[in-house]
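Student: just to be clear, the model below is a prediction. Sequence and coordinates:
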Amino acid sequence: MEHVDPAPDAARTVRDATFDVLRRRGLDRIFANPGSTEIRLLTDLPDDLDFVLALHEGSVVGLATGYATATDRPAAVVLHTTAGLGNAVGALATARVNRTPLVVIVGQQDRRHLASRPFLAGDLEGLAGSYPVWTTAPARPQDVPGALDRAFHEAQSGRGPAVVAVPSDDWDAPADPRVLPSPGVVRRGHAPDPAAVAELAGLVAAARRPALVVGADADTPAAWAALVALAEQLGAPVWQEAFAARAGFPQDHRLFAGHLPPERAELRSTLAAHDVLLVVGAPVFRQYQFSPGELVAPGTTIALVTDDAEDLHHSRADLALLADPARTVTALTATLPAAPLPHVGNPRPGRATESSPREAPLDAPAVFTALAARLPADAVVVEETPSSRPDLHRLVPARAPLGFLSAAQGGLGFGVPAAIGVRMGEPTRPVVAVVGDGSTLYGVQALWSAAHYGVGVLVLVMDNGRYAIMDRLAAEAGGKAPWPGFAEVDVAGLATALGCPARRVTTHGELTTLLDDVVPGLADRDTPVVAVCTLRD
C-alpha cells in the first residue's frame, strides 16, 4: 500500500508550531529590533513569550549573548533581513568566539516573489561568513519549526549562533503535523579516557616545576573547584590566558600568579621557570601583535585539556585531550600523588587599598582600587576598556565563576549590552560594566533597554575623550595618529537622553561617594546608573 504523508493542518500555522518549539526549548525571551519582514512573527506575541527591544542589532545580539552566558542556555534573537543581520555580524562573531549559543531568526522577503529580487530581499546565508555554527534557509514553510529545533541543538553543540532565514509569508502557512526531525533530548559527554588521563598524570607527576594556565572554558563552578584542588595538590602557580573572555580560576587565591602577556618574548620569559605547562580551557597561547620566536623556551612541555576542538587543533601542544575540563582535572588529581611539589611562581599580591585624597583627580588605578574595595565576591564585572584592562586585571580579581566577562573577539560594542543581558539572566547578582568612552559609543543604545526594562546595572565609563589604546599603538609605531580625540562627546548626556540616569565624577571623593551609594544595593537595584569617570591625562 502506498504511503501517504499526512496533510498540513490548515488551522495550525508554522508560526504556532514555531512558538511551541521555543516553549519546549526554554527560549521564552526574544531579543530583537523588528523590521517589516518579521511583523507576522512578532505581532500579537503570546503572553508567555517576553519581547526585549534593543535599538541597534549589535545591542540586540550583545544583550542576548550576556543573557545566554548568565543562564548557560541558548537565547533567541530575531534580526531584520540583510540590514539587521549585517549590523549584527560583529556581535555574532563575538558570540562565536565567546562560545555563546544563540538561536537567530533572520527575516527574509516574501517567498512568493523572491525570484524577482524585491525590496529588502537579501543574500542571507553567507552574510555572516563562517561565524554562525550553522545556517539554513528552509526549503518550504513547513520545515521552519524543525529547522529552529535543530538550530537549538546546533547552537548548544557548536557553542555559537545558529541562523535560520525565514521568508515573511512562511509564518501564516499551515503547519505540518509530523514529528519534528530533531532529537527530543541530546546528552553531551566528553568524558575523559582513563588511559589518556594516566598519560597526562605521568607527564605532570614527572614535572619538577609545573604550572597551570587556565582560560575562559574553565569558568564553571565544577572546573574552578577541580582546578583549585589540583593547584593546591601540586603547589603550582596558576596563570590566566591573555585576552580571556572569562576567568578560569579564583583570582584572589594564593596560587594565582596573574595574566599571561600576549607577546612571545615576554611570554617565554614569564613561563621560563616551568618545565611542564598544563593548559586547561584555553588555546595555546593567545597572542596580539606578531613577534618572532617560539611561544615557550626549549625543553618546556605543554599539555592541553579542552572541550573545544577548534582551540585544540590550532594549539601548539605536546599532548592534548579533547574532554570536559572539570571531569578531566578531577580525574587527574585523583591519579596524582598526594604530596604537593614546592611552589615556584609569582603569587598575586593582596588586594589594593585606597590611599588617594578625596580631592585627587581620577586615573584608572584609582577607579579600580575604589571599585574592588566595595564589590562583593559574587559580583560580575563586564570589561571593555582596552587601554586600562591590565590595571583592571591587577586590581579587581574575579572571585566567583562568571566573575569576569569580556569579548574574546576583541571588537567594541560588547560591554554595555552584555552587562545588561547578564543581569537579565542573573537578576540576583550585582553586575558592573567597566567600559571606555570610545567603547561605550559602539553600544550606547543598549542603555535604553536597561532603563526601559528596569535592569539595575552599574556602568563605569572610563572617559579620557579619545581612543587611548590607539594613540598608544601609534606612538609605539613611531608615528603620529591622524585621528582626533572626541572630548566634546557627552556620554552622560547621551545616557540621560536614552532614559538612563547618569552622573559625571571627576574626583576620588565623588567616585567613592557614588560607589558607597550604589554598590551595597546593586544586587537588588532595578534602575541602571551610568557613572562617567573623567580621567586625568
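Tutor: Good, I have the coordinates. Residues are numbered from 1 along each chain as shown.
Student: select the longest helix from the chain.
Tutor: helix 81-97 (DSSP state H).
Student: mind giving me the packing neighbours of it?
Tutor: Judged by 3 or more CB pairs under 8 Å, 6 or more residues apart in numbering; DSSP states H and E, helix 81-97 is in contact with helix 57-71, strand 75-79, strand 102-108, strand 161-167. Any C-beta I mention is one placed from the backbone N, CA and C, and that applies to glycine too.
Student: could I have the last one exported to CSV, CA atoms only?
Tutor: Listed next in CSV are the C-alpha coordinates belonging to strand 161-167 (Å, rounded to 0.1, in the frame of the first residue of the first chain):
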residue,chain,number,x,y,z
PRO,A,161,25.0,31.3,16.9
ALA,A,162,22.8,29.1,14.7
VAL,A,163,21.0,31.1,12.0
VAL,A,164,17.7,30.3,10.3
ALA,A,165,16.4,32.6,7.5
VAL,A,166,12.6,32.7,7.2
PRO,A,167,10.6,34.4,4.5
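Student: look up how far residue 159 lies from the residue nearest the centre of the chain.
Tutor: Nearest to the geometric centre of the chain sits residue 98, at 4.5 Å (CA atoms, centre = their mean). Going from residue 98 to residue 159 by CB to CB, to the nearest Å gives 9 Å.
Student: check residue 101 too.
Tutor: Residue 101 is 6 Å from residue 159, by CB to CB.
Student: pull the CA atoms of stretch 251-264 into CSV?
Tutor: Below are the C-alpha coordinates for stretch 251-264, written out as CSV (Å, rounded to 0.1, in the frame of the first residue of the first chain):
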residue,chain,number,x,y,z
GLN,A,251,42.0,35.3,41.2
ASP,A,252,42.3,36.1,44.9
HIS,A,253,43.7,32.6,45.5
ARG,A,254,47.2,32.4,46.9
LEU,A,255,48.4,30.4,43.9
PHE,A,256,47.0,32.7,41.3
ALA,A,257,50.0,34.2,39.5
GLY,A,258,48.4,36.7,37.2
HIS,A,259,47.6,37.1,33.5
LEU,A,260,49.9,36.0,30.8
PRO,A,261,51.4,38.6,28.4
PRO,A,262,50.2,38.4,24.8
GLU,A,263,53.7,38.9,23.3
ARG,A,264,56.1,36.0,22.7
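Student: could you list the buried residues of it?
Tutor: 251-253, 255-264 (16 or more other CB atoms under 10 Å).
Student: now do stretch 236-253
Tutor: Buried residues in stretch 236-253 (16+ other CB under 10 Å): 236-253.
Student: now do stretch 217-230
Tutor: 217, 218, 219, 220, 223, 224, 226, 227, 228, 230.
Student: repeat that for stretch 429-440.
Tutor: 429, 430, 431, 432, 433, 434, 435, 436, 437, 438, 439, 440.
Student: helices - which of these land there?
Tutor: 437, 438, 439, 440.
Student: find the nearest non-adjacent residue to residue 441, please.
Tutor: residue 489 (7.0 Å; CB to CB, 6 or more residues apart in numbering).
Student: same check on residue 432?
Tutor: residue 458 (4.7 Å).
Student: didn't that neighbour look like it was pressed against residue 532?
Tutor: No - the pair residue 458 / residue 532 is not scored as a contact, 12.0 Å apart, by CB atoms under 8 Å.
Student: the residue lying closest to residue 73 once chain neighbours are set aside: which element?
Tutor: Leaving aside its chain neighbours, residue 73 sits nearest to residue 26 (6.1 Å; criterion: CB to CB, 6+ apart). Using DSSP states H and E, residue 26 sits within no helix or strand.
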